[in-house]
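> The sequence and its predicted three-dimensional model are supplied below.
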Amino acid sequence: MRVWAGRALRAVWRWIRAAPGTYVWLLLLAITSLIVTRMEPSSLDWFLARRSTNLEQLRSRPIHALVASALWTEQADFLFYFVVFHLFHVPAERWLGTARWLTVALTAHVLATLISEGVVAVGVGTGRLPASMADTVDVGVSYALAGVEGVLTYRFAGRWRLLYGGALIVFYLVPLVRSHTFTDIGHFCSVLIGLCFHPFTVGRPTWDPVRAWRSWRRRRRTPPGPAPADGR
């Protein structure tokens, strides 16, 4: 039993070491999610607004706002983030390497924030949006996630690339057309930003789900080879 447990722990550690940035981010989200659950609702909005990428914070503390907003969420739903990080961030970091993965995620987070808040600034300045929008709560990891989802398009081979990329664009375009909120604009821009990182993916292995499935089935059906001779 101890041997099995030791092997399992080593396997888990090897998996984590292959995507260290993702797991550090998840650890920070676990801590901040715990803090959110323990805060009084009456003070939560004020607390998160001070860590948001809204106009007020971007004008007064831009670096703090951009960093802090990526570590906090409005709802303490850590299980959800644990799942989506494993679906998208872990494969992307393992595929691209930590430096390139982080570059994509941070670029999408920063640029999409500036674009979406620029739209808010224009709306407030022209009177089309209420002045209260300058101090709204805008935190979360979704812009970085959408950017990583975008670059993962190039992880797929052949028709799967078109299928995944097309579905991703439709997924983020539909809410933009229906409600066109500033966050919808940010999400759609994040996907486009991720797609712009094709040069980062050149030379990286691609994946065909059907071929991978067939290869796995062949390995399952292939009987083990004969035992090696003992030389006598």
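Noted; the coordinates are in hand.

> Quick check: next helix or strand after the longest helix along the chain?
Using DSSP state H, we find that the single longest helix of the chain is helix 98-126. Sequence order places helix 142-151 as the next helix or strand after helix 98-126, per DSSP states H and E.

> If you count contacts, what does the following helix or strand past that following helix end up packed against?
Next helix or strand after helix 142-151 toward the C-terminus (DSSP H and E): helix 159-179. Secondary-structure packing of helix 159-179 (3 or more CB pairs under 8 Å, 6 or more residues apart in numbering; DSSP states H and E): helix 142-151, helix 182-195. For the C-beta atoms, the positions are set from N, CA and C on the backbone; glycine is no exception.

> switch the cut-off to 6 Å
helix 182-195 (3 or more CB pairs under 6 Å, 6 or more residues apart in numbering; DSSP states H and E).

> Can I get the helix it packs on in CSV, CA atoms only?
The C-alpha trace of helix 182-195 is given here as CSV (Å, rounded to 0.1, in the frame of the first residue of the first chain):
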residue,chain,number,x,y,z
PHE,A,182,-18.4,45.4,-22.1
THR,A,183,-17.5,41.9,-20.7
ASP,A,184,-18.9,40.3,-23.8
ILE,A,185,-16.6,42.6,-25.9
GLY,A,186,-13.7,41.7,-23.6
HIS,A,187,-14.3,37.9,-24.0
PHE,A,188,-14.6,38.1,-27.8
CYS,A,189,-11.5,40.2,-28.0
SER,A,190,-9.6,37.8,-25.8
VAL,A,191,-10.3,34.9,-28.2
LEU,A,192,-9.1,36.9,-31.1
ILE,A,193,-6.0,37.9,-29.2
GLY,A,194,-5.3,34.2,-28.5
LEU,A,195,-5.7,33.4,-32.2
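
> Would you check how far apart the residue most central in space within the chain and residue 29 are?
With distances taken as CA atoms, centre = their mean, residue 145 lies nearest the centre of the chain, 2.3 Å away. As for residue 145, its distance to residue 29 is 12 Å (criterion: CB to CB, to the nearest Å).

> Residue 53 now?
17 Å.

> do residue 17 as well
Residue 17 sits 19 Å away from residue 29, taking CB to CB as the criterion.

> Kindly report the same for residue 203.
Taking CB to CB, one finds residue 203 at 32 Å from residue 29.

> From the neighbour counts alone, determine which of those two ranks first.
The neighbour comparison of residue 203 against residue 29 (other CB atoms under 10 Å) goes to residue 29, with 22 against 5.

> Which residue, other than its chain neighbours, is closest to that one?
Take residue 29 and drop its neighbours on the chain: the residue closest to it by CB to CB, 6 or more residues apart in numbering is residue 81, 5.6 Å away.
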